[in-house]
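>>> build me a structure from this.
(3 chains, ligands or ions: 1)
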Amino acid sequence: MSQTIFHPSRSSRAFWGTCGVLVVLVLTGLFAAHHMESAGHWVTGMTNRVVWGMPHVFAVFLIVTASGALNVASIASVFGRSDYKSLSRLSGLLAAALLIGGLSVLVLDLGRPDRLIVAMTHYNFRSIFAWNIFLYTGFLGIVVVYLWMMFEPRMNRFVTRVGTLAFAWRIILTTGTGSIFGFLVARETFSSALLAPMFIAMSLSFGTAVTLLLGALVFRLKGENLPAELTGKLARLLGYFVLSVSLFVAVSHLTHLYSAGHQGIERFLLIDGRPYSLLFWIGQVLLGTLVPAVLLLSDRFKHAVSVPLGALLVVIGGLAQLYVLIIGGQAYPMSIVSGFSESSTFFDGVIAMYRPSLPEWGLGVGGMALAALIFLVGTRVLPFLPVPTPDQPRA
Amino acid sequence: MLHGLTRTVGMIRSFVVLFIFALSGSAGLFADVAKPQIPASRGDQCVEPVEIMRRNHFEFIVHQRDLTVHQGIRTKRHSLAGCIDCHSTKTAAGQYLPVNAEGEFCQTCHTYAAVKIDCFSCHAAVPTEKISQSP
Amino acid sequence: MTRLMNCPDPSPAAPARRTFFTQAGVGVALLALAPGVRLVDLARARAEDEPVTSANRWGLLIDTDKCQSGCDECVSACNEEHGIVGHGRPETDAQWIRKVDLKDDQTGHELSIPVLCQHCEEPPCVDVCPTGASFRRDDGIVLVDKHICIGCRYCMMACPFQARSFIHEELTGQRTHAPRGKGTVESCTLCVHRVDKGEQPACVEACHREGHDALVFGDLNDAEDQLTKLTRASATRELRPELKLNTSVRYTRF
Ligand code: SF4
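Prediction:
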């Protein structure tokens, strides 16, 4: 195949306008975080029962998505599909940007974000969380090296090797992220070996969706379209990823339904635990799985917007899925003495109230905006974008 | 590796401190910053010579804190509660003033050196119970 | 812990002092015997400058027959002891010990038990804490080192007993022996500041004062201790036994 030529994003009013909107969102996020830290977490919806809230939904989404955003690069360099190569630089940049966005949200939600240095100098090696700190920073480092190999012609020959390392690393990273929840033996909703592979499937799906969305955006701002052929391939791929996630979801609910002691929580999440049951059926299943699967896989709905719309729905469904998993899983009461009904002044035995507060939304959305901003500015600074080939007419 | 990391962090910290000292040194050429007026304390003598305390009090406190929290060693000599016992002043009405209030023992110096104190968001800044004064 | 090593010791007399204290330990313990309730007998007394060891394992036995439903003396004593005051926001206010009312789903039998940090031998909070702020002291007391807690709340996700609280706001008026502050996680310390002086936890004392005597504190490693004798003599259970945490807090008669 002929050598693809790359160039940076063009400076345009649309480009800087978009960046401006993102900057405002990032600043709002910072302001929200500052408010949460100075007033204390009581101004959020999080409580002693629901200790992880909206920020964690966004942070986990971004981190999981970061690993999946590397799909295109992996397909190109690990699986040797050179047609994906034109987007592999973008894919690396996107992965790094998403990870930085997610980690920022996670860090800014800490009770003592000023002690970040403590988190980097004191490690408890039994903690999966501590391992994740290494996995995340390592991932960033590997992606940077990976990009360098891609950018520097003399280093191109190492791309496959580094790409393979990055591929292995991202699988471990997502396993690690899933295990943050999977290792919570005390909580019946989370404690499951299925969570790690499910997170891998989620990362493939969300990552491809965000690649399609932000890829389309950055090309649009340049007055072009994402290469059509590649878009088609990625869209099909995304369709299959969506189905694979739904398979894991189905299996995990079914195993829970058949195992003793889990019926209560299943009933809660699937039938009567509003808003979680609604989010599950409408957000995760209908909007996040069924509609995008049809839009992306069926030929009867071929339309210019079906791919971006499908990808957007996957993102929304993904957020709904994480909301149900993370917050629904905490809202349902944990039984301390089995066989007994419990009540207390500390909300034992009752479903916990949780309403995401404005600052939490601000922080979460701010993290998403930060990722997009880093991505856009990155494309302006370095040649990430492929120059359209003659068979790719301008839009 | 952990040790290495801590060392690196320590090194960076010393550089930053040096840098700040250099800055404040050169600033001193131009402006005379008034020396802090430190309120008087109870007892005749500190647990270590004053010169050493000025420079290293945080090392003692951090050292003691780790011993106390993790090993249950509760010697009084370098305990923060002991510092507060001697160094807090009372109002005319007999009320203790927090050591981190403006003009009080800890804050005076920390304002002068522009170093934030991170002790008193958790620790009591006034004596709340009898601590024996023995070292 | 690296920091422990490079702390300067400008006083040349330090080693000598140390031996003095160790020898004086017995004397100190003797003196200390006079006021208040003393639980530690001479053989187990620890000098101020001696680290805790695994020779002791502090524990609590809760007699659910003696514990009165509707009584929450242990809870108020704990709040008093540690300066815990509510902010009128029960969902975010701290609670180290709480009374849980139980009703047997099959028989309808009702009882009321205090639930607090169970001081597990294999504490899930300690396993998950990224910085090592959650730790188990050698004598079995599970604590948070709030100096290195970053407030990630992973330990609260991991705790099987909902025993931990996050400080959701700025605090004032802390007690000298109970430092607590915004942005960190805390839970029952088994009144470690009292235990280190050879005294009983505040909740145990309060229950005794009320004449209920439902709580017995002691050393599970000491065969002669009242607690150990009781746990040997009658059936006890730990909460959530399926998790195999080997808790130091145990319940009897239910
Ligand atoms: S909140 Fe503090 S004690 Fe709990 S896991 Fe995080 S760092 Fe450790």
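>>> where does the closest residue to the ligand within chain A land on pLDDT?
Residue of chain A nearest the ligand, by C-beta to the nearest ligand atom: A:Gly111 (6.7 Å). From N, CA and C alone the C-beta is placed, and that goes for glycine too. Looking at A:Gly111, its pLDDT is 97.
>>> then A:Gln321?
97.
>>> now do it against A:Phe206, distance only.
Distance from A:Gln321 to A:Phe206, counting by C-beta to C-beta, to the nearest Å: 9 Å.
>>> quick one: which of these two has more around it?
A:Phe206 (32 against 26; other C-beta atoms under 10 Å in any protein chain shown).
>>> hmm, that one is touching A:Gly318, no?
Yes - shown here, A:Phe206 and A:Gly318 form a contact pair, counting by C-beta atoms under 8 Å, at 4.6 Å.
>>> pull up the overlap in contacts between those two.
Residues touching both A:Phe206 and A:Gly318 (C-beta atoms under 8 Å, 6 or more residues apart in numbering or on different chains): A:61, A:65.
>>> ok so, going back, how far away is the residue of chain A closest to the ligand from chain C?
Separation of A:Gly111 from chain C (C-beta to the nearest C-beta, to the nearest Å): 2 Å.
>>> where do the strands sit along the stretch 1-150 of chain C?
C:58-63, C:97-104, C:110-116, C:134-136, C:142-144 (DSSP state E, counting those that start in this stretch).
>>> with C:Cys155 as the reference, name the closest of those.
With C-beta to C-beta, the closest approach to C:Cys155 among these belongs to strand C:134-136: 4.9 Å.
>>> just checking, what packs against the closest one?
Packing contacts for strand C:134-136, counted by 3 or more C-beta pairs under 8 Å, 6 or more residues apart in numbering or on different chains; DSSP states H and E, involve helix C:124-128, strand C:142-144.
>>> and these as TSV, adding mean pLDDT?
Listed next are these as TSV, based on pLDDT from 0 to 100:
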stretch	mean pLDDT
helix C:124-128	96
strand C:142-144	98
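>>> among the ones you listed, which comes closest to C:Glu80?
The minimum distance between C:Glu80 and the helices and strands packed on strand C:134-136 falls on strand C:142-144, with 20.1 Å, by C-beta to C-beta.
>>> partner strands of the closest one and their direction?
As defined by DSSP bridges, the strand partners of strand C:142-144 come to strand C:134-136 (antiparallel).
>>> is the ligand contacted by the partner strand?
Yes - applying C-beta under 6 Å from any ligand atom, one finds strand C:134-136 in contact with the ligand at C:Ser134.
>>> now what about that strand, what contacts it?
If you take C-beta under 8 Å, 6+ apart as the criterion, strand C:134-136 is touched by B:70, C:119-121, C:123, C:125-126, C:128-129, C:142-145, C:149, C:155, C:185.
>>> in PyMOL, how would I select the buried members of those?
Buried members of the contacts of strand C:134-136, defined by 16 or more other C-beta atoms under 10 Å in any protein chain shown, are picked up in PyMOL with:
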select buried, (chain B and resi 70) or (chain C and resi 119+120+123+125+126+128+129+142+143+144+145+149+155+185)
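>>> from the contacts of strand C:134-136, pick the one nearest A:Trp361.
Of all the contacts of strand C:134-136, A:Trp361 sits closest to C:Val185, with 24.3 Å by C-beta to C-beta.
>>> please look at the closest one and C:Val144 and confirm they touch.
Yes - counting by C-beta under 8 Å, C:Val144 is a contact partner of C:Val185 at 5.6 Å.
>>> mind listing the shared neighbours of those two?
In contact with both C:Val185 and C:Val144: C:133-134, C:155, using C-beta under 8 Å, 6+ apart.
>>> pLDDT for these - can I get that in TSV?
TSV is the format used below for these (pLDDT from 0 to 100):
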residue	pLDDT
C:Ala133	97
C:Ser134	98
C:Cys155	97
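>>> which of the residues you listed sits closest to chain B?
C:Ala133 (9.7 Å; C-beta to the nearest C-beta).
>>> how many neighbouring residues does that closest one have?
27.
>>> how much space is there between it and C:Val185?
8 Å.
>>> please enumerate the shared neighbours of those two.
Common neighbours of C:Ala133 and C:Val185 (C-beta under 8 Å, 6+ apart) are C:144, C:149.
>>> ok so, going back, can I get the helices and strands packed on strand C:134-136 in CSV with distance to A:Lys302?
Listed next are the helices and strands packed on strand C:134-136 as CSV, based on distance: least, C-beta to C-beta, whole Å:
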stretch, distance to A:Lys302
helix C:124-128, 48
strand C:142-144, 57
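>>> can you redo these as a markdown table with distance to the ligand?
Formatted as a markdown table, the helices and strands packed on strand C:134-136 follow (distance: least, C-beta to the nearest ligand atom, whole Å):
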| stretch | distance to the ligand |
| --- | --- |
| helix C:124-128 | 6 |
| strand C:142-144 | 5 |
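>>> would you state the strands of chain A in chain order?
In chain A, the segments counted as strands under DSSP state E are A:6-7, A:340-344, A:385-386.
>>> is the second one positioned near chain C?
Right, the one you point to is strand A:340-344. Yes - judged by C-beta under 8 Å from any C-beta of the partner chain, strand A:340-344 and chain C are in contact via A:340-344.
>>> could you check how far that strand is from the centre of its chain?
Centroid displacement of strand A:340-344 relative to its chain, using C-alpha atoms, centre = their mean, to the nearest Å, is 37 Å.
>>> other SSEs contacting it?
strand C:97-104.
>>> which other residues reach the strand it packs on?
For strand C:97-104, contacts defined as C-beta under 8 Å, 6+ apart pick out A:336-337, A:339-346, A:348, C:69, C:71-72, C:74-75, C:78, C:109-116, C:188, C:203, C:254.
>>> partners of it in the sheet?
Counting by DSSP bridges, the strands paired with strand C:97-104 are strand A:340-344 (antiparallel), strand C:110-116 (antiparallel).
>>> contacts for the shortest one, please.
Think strand A:340-344. A:333, A:335-336, A:348-350, C:98-105, C:115.
>>> ok, 10 Å please
Strand A:340-344 is contacted from outside by A:333-336, A:348-350, C:95, C:98-106, C:108-115, C:162, C:254, using C-beta atoms under 10 Å, 6 or more residues apart in numbering or on different chains.
>>> and the buried ones among those residues, selectable in PyMOL?
For the buried members of the contacts of strand A:340-344, the matching PyMOL selection, counting by 16+ other C-beta under 10 Å, is:
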select buried, (chain A and resi 333+334+335+336+348+349) or (chain C and resi 95+98+99+100+101+102+111+112+113+114+115+162+254)
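>>> host element of the residue in the stretch 151-254 of chain C positioned nearest to the ligand?
In the stretch 151-254 of chain C, the residue that lies nearest the ligand is C:Cys155 (3.2 Å; C-beta to the nearest ligand atom). Secondary structure from DSSP states H and E places C:Cys155 in helix C:154-158.
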